[in-house]
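[1] quick one, what's the 3D model for this:
(chains A and B)
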Number of protein chains: 2
Amino acid sequence: MAVAVQQLKRISGNNIVTPKGYKAVGIHCGLKHKKYDLAVLISEVPASVAGVFTTNAIQAAPLLVTKEVVKENGKMQAIIINSGNANACTGAQGMADALMMQQKTAEKFGLAQELVGVASTGVIGEKMKMVPILNGIEKLKPEASLEGSIQFSQAILTTDTVTKNTAYKTVVDSKEVIIAGTAKGSGMIEPNMATMLGFITTDAHIESAHLQQALKEVTEVTFNSITVDGDTSTNDMVLVLANGLAGNEPLTPSHPDWATFVKALHTVAQDLAKMIAKDGEGATKLIEVEVDGALSDSEARKIAKTVVGSPLVKTAVFGCDANWGRVIAAVGYSGASVDPNGITIKIGETVVVTNGEPAQFSEDLLMQYLKQPEVRIHVHLNVGSGQGLAWGCDLTYDYVQINATYRS
Amino acid sequence: MAVAVQQLKRISGNNIVTPKGYKAVGIHCGLKHKKYDLAVLISEVPASVAGVFTTNAIQAAPLLVTKEVVKENGKMQAIIINSGNANACTGAQGMADALMMQQKTAEKFGLAQELVGVASTGVIGEKMKMVPILNGIEKLKPEASLEGSIQFSQAILTTDTVTKNTAYKTVVDSKEVIIAGTAKGSGMIEPNMATMLGFITTDAHIESAHLQQALKEVTEVTFNSITVDGDTSTNDMVLVLANGLAGNEPLTPSHPDWATFVKALHTVAQDLAKMIAKDGEGATKLIEVEVDGALSDSEARKIAKTVVGSPLVKTAVFGCDANWGRVIAAVGYSGASVDPNGITIKIGETVVVTNGEPAQFSEDLLMQYLKQPEVRIHVHLNVGSGQGLAWGCDLTYDYVQINATYRS
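    The predicted model follows:
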């Protein structure tokens, strides 16, 4: 059986409703001052669903409701999302509110309640204002248009400065399959799903168990490989809906185009993850850290995440300072196996450390490089063949400003 | 046998040479632009020594030299310290330089080389300038005076804004025993010894193995319970010298005054740890987090450290924002066992969360409280009887400024 990976083509427009059978919209209902704060995504038919959720022990009510849908039913047809209030640490009333959002959305669109997911993002510990939400749900008119999906991607934002969208097409069983995604991120982003919402749609035909398997595999090397500030949140989730309207034979790990589908899902997830990292609160730069020569892939990722999460590395990158000492110190405290005398570090294409000792390089040229909007740090260890990537952003005055004043 | 703990009395002056038989001094040798950058501490007689060292896999040459002295000899009579250069990631030359510092200090003061410890702090990855150091060593004239010890405590600083000194006296075997300490900290402070140097002197009589035992016990709940930015360094160490000149019977765990001595050591270490946290880079406030009702003491400390290390909590405290949602989110992602519905949180004396749900409180009064230079957060869990403390500081514009421009 041929296992060639089909070509993946980026679709401009980057529209979450590009796959067949999806509609979306976002509106202002009144939780926020002026901005869009309520959104819905709907599939024409019940879709297979897979989800990954925060590992925080404190989990918001909407997250618990949605987890139940994913785990019990494996099918979802609509997701209702609000920004401005996380509905977390809100007790029994919070759970009642999340269920009410689910129920009213189901009624409005004539769906079974157990096919509706709920997601919330915003301030923790404040009771939901249900009147604007319920009135808002009544007003939602999802469309299969670019406009609808743009409004959707705006309505899910909190302190994000840009919307985050991506879409690709590929071929499965000679049928065109489209996969698209929208996300929000910004503060509190860390490995293991922190105030991050990701919604991925596809018209591929795949059962939820296999979709879950693919999502899990892909999440580890994408959404779980970004960090903004190390805080993980109470509300984060990534959901994938697959409604089957592309008409392919059901995808399973033994399907000849399985690798094609996983690659497409991986690409969408990585695009979204990098957009989230780049738009971290106050960030001016995306930092990509690549590690190879580690004992294992997971050790390589651990080191990459430690380096990209180091406040001292993040501030040095903000200051355009080629301060590799902070990079090597972070490698050292990552907890991974390292040989201090076997570490080689490049910033961009410039070797700054060879076998644990300083290399000769031009600080001026490197400072120029560090002024770019994307900075790449490469760490080579000499202890194995494990490799991994992680993404983050610089730490700036604006991060402090945003978070010292966020609620007021 | 009575195990009453003797009274501990703070000595004003807070002077590391207050215990019998110690001298110290600090000078400007030329590694830094103008500030003091070379210091020595000497005991009249060889002292028992105990040490704890960074857990970073990358360890600076001076640290390796000093570790050897502590582990092989258990005795130390002098410590030579420079600031301005960490002598880390400097290869074979760096090791030769550290050994040269040890050797020249021994020669200058007529001591055996293996009785001299070496400590360095500053930029990583730059070769040491040995000419100013060696000339500087020749000029060192340690004194048993307040002035000498003030110069000492100044010369070990990097981005610290204040010197850190403390001293106490107590009674062991009816003899007066004095214990004093000096430290530097600031950036890169994290559990497990990050760019932190701590030097503690006492005239108590105690063998090095027992001194090591006491130091280890105390370090976990003091120096390892502070965090500034989560970065751990290549150079950090805390050394305790005990020269025995107080004339007490050797302290062992079965000595009736063992608890008195451990309490004195704990108090000195905690004073220094809190001073380091309070003087974290750019900090305006000390944050103390107390956790009780945890599954174990170590889980309580883990939660306390996670809360005090959260960038979102740190920026909220800087902004005087009673954003307890960030506190409870940090409790949730600490990895410790928690019951979301059993968490009660106080900021100062104000209850903000009861059993996982928001309590009624005055935001205005709490904002006034958060303007104080020391902020206390108390987290009660309902899962056991473990308790712990951790200390940190707020995250401010100045932290970013200091670290974006440190080398330039």
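[2] only alpha carbons, please: show the helix or strand harbouring residue A:121 as CSV.
    Assigned by DSSP states H and E, residue A:121 belongs to strand A:116-123. Below are the C-alpha coordinates for strand A:116-123, written out as CSV (Å, rounded to 0.1, in the frame of the first residue of the first chain):
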residue,chain,number,x,y,z
VAL,A,116,-23.3,21.7,21.7
GLY,A,117,-19.9,22.6,23.2
VAL,A,118,-19.3,25.7,25.3
ALA,A,119,-16.1,27.7,25.7
SER,A,120,-15.5,30.8,27.8
THR,A,121,-12.4,33.0,28.2
GLY,A,122,-11.8,36.2,30.3
VAL,A,123,-11.6,37.1,33.9
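[3] which element follows it toward the C-terminus?
    Proceeding N to C from strand A:116-123, the next assigned helix or strand is helix A:130-139, under DSSP H and E.
[4] ok, then the element right after that next one?
    Downstream of helix A:130-139 (by DSSP H and E), the next one is helix A:146-155.
[5] give the pairing partners of the next helix or strand after that following helix; include direction for each.
    Per DSSP H and E, the first helix or strand lying C-terminal to helix A:146-155 is strand A:164-172. Strand A:164-172 pairs in its sheet with strand A:9-10 (antiparallel), strand A:175-184 (antiparallel), by DSSP bridges.
[6] and the last one, how far from the chain's centre?
    Taking the mean C-alpha point of strand A:175-184 and that of its whole chain, the gap between them comes to 14 Å (Cα atoms, centre = their mean, to the nearest Å).
[7] and that strand, average pLDDT?
    Strand A:175-184 comes out with an average pLDDT of 96.
[8] mind listing what's buried in it?
    A:175, A:177-184 (16 or more other Cβ atoms under 10 Å in any protein chain shown). For glycine as for every other residue, the C-beta is placed from the backbone atoms N, C-alpha and C.
[9] just the angle between that strand and helix A:146-155, please?
    40 degrees (axes from the mean of the first three to the mean of the last three Cα atoms, to 10 degrees).
[10] next, the angle strand A:116-123 makes with strand A:175-184.
    Angle, strand A:175-184 to strand A:116-123, by the same axes, to 10 degrees: 30 degrees.
[11] name the helices or strands packed onto the next helix or strand after strand A:175-184?
    Downstream of strand A:175-184, the next assigned helix or strand under DSSP H and E is strand A:197-202. When contacts are defined as 3 or more Cβ pairs under 8 Å, 6 or more residues apart in numbering or on different chains; DSSP states H and E, strand A:197-202 packs onto strand A:38-53, strand A:75-85, strand A:175-184, strand A:237-242, helix A:258-278.
[12] list the buried residues for the longest one?
    Just to be clear, that refers to helix A:258-278. Going by 16+ other Cβ under 10 Å, helix A:258-278 has these buried residues: A:258, A:260-278.
[13] so where's the stretch 51-200 of chain A uncertain?
    Scanning the stretch 51-200 of chain A with the threshold set as pLDDT under 70 gives A:186-194.
[14] can you rerun that using 50?
    A:188-194 (pLDDT under 50).
[15] ok and the residue in it nearest chain B?
    residue A:124 (2.7 Å; Cβ to the nearest Cβ).
[16] what's the closest non-adjacent residue to that residue?
    Distances taken as Cβ to Cβ, 6 or more residues apart in numbering or on different chains place residue B:325 nearest to residue A:124, at 2.7 Å, with adjacent residues excluded.
[17] which residues touch that neighbour?
    Residues in contact with residue B:325 (Cβ atoms under 8 Å, 6 or more residues apart in numbering or on different chains) are A:86, A:88-89, A:123-125.
[18] now do residue A:391
    By Cβ under 8 Å, 6+ apart, the residues touching residue A:391 are A:225-227, A:273-274, A:277-278, A:286-289, A:308.
[19] kindly report the residues of the stretch 301-408 of chain A close to chain B.
    A:309-312, A:315-316, A:318-319, A:321, A:323-326, A:328-333, A:337-338, A:340-341, A:343, A:353, A:356-358, A:395-397, A:399-401, A:403-408 (Cβ under 8 Å from any Cβ of the partner chain).
[20] doesn't residue A:178 make contact with residue A:246?
    Yes: contact criterion Cβ atoms under 8 Å: residue A:246 and residue A:178 qualify, at 7.3 Å.
[21] only alpha carbons, please: show stretch A:227-244 as PDB.
    C-alpha atoms of stretch A:227-244 as PDB (Å, rounded to 0.1, in the frame of the first residue of the first chain):
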ATOM      1  CA  THR A 227       5.000  29.300  26.200                       C
ATOM      2  CA  VAL A 228       4.300  32.900  26.900                       C
ATOM      3  CA  ASP A 229       4.600  33.300  30.600                       C
ATOM      4  CA  GLY A 230       4.400  29.800  32.100                       C
ATOM      5  CA  ASP A 231       0.900  30.300  33.600                       C
ATOM      6  CA  THR A 232      -1.600  27.600  32.600                       C
ATOM      7  CA  SER A 233      -5.300  28.500  32.700                       C
ATOM      8  CA  THR A 234      -8.500  27.100  33.900                       C
ATOM      9  CA  ASN A 235     -10.400  27.300  30.500                       C
ATOM     10  CA  ASP A 236      -8.200  26.100  27.700                       C
ATOM     11  CA  MET A 237      -9.200  23.700  25.000                       C
ATOM     12  CA  VAL A 238      -8.600  22.800  21.400                       C
ATOM     13  CA  LEU A 239     -11.500  21.200  19.600                       C
ATOM     14  CA  VAL A 240     -11.500  19.500  16.100                       C
ATOM     15  CA  LEU A 241     -14.700  19.000  14.300                       C
ATOM     16  CA  ALA A 242     -14.800  16.600  11.300                       C
ATOM     17  CA  ASN A 243     -18.100  16.500   9.500                       C
ATOM     18  CA  GLY A 244     -17.300  14.000   6.800                       C
END
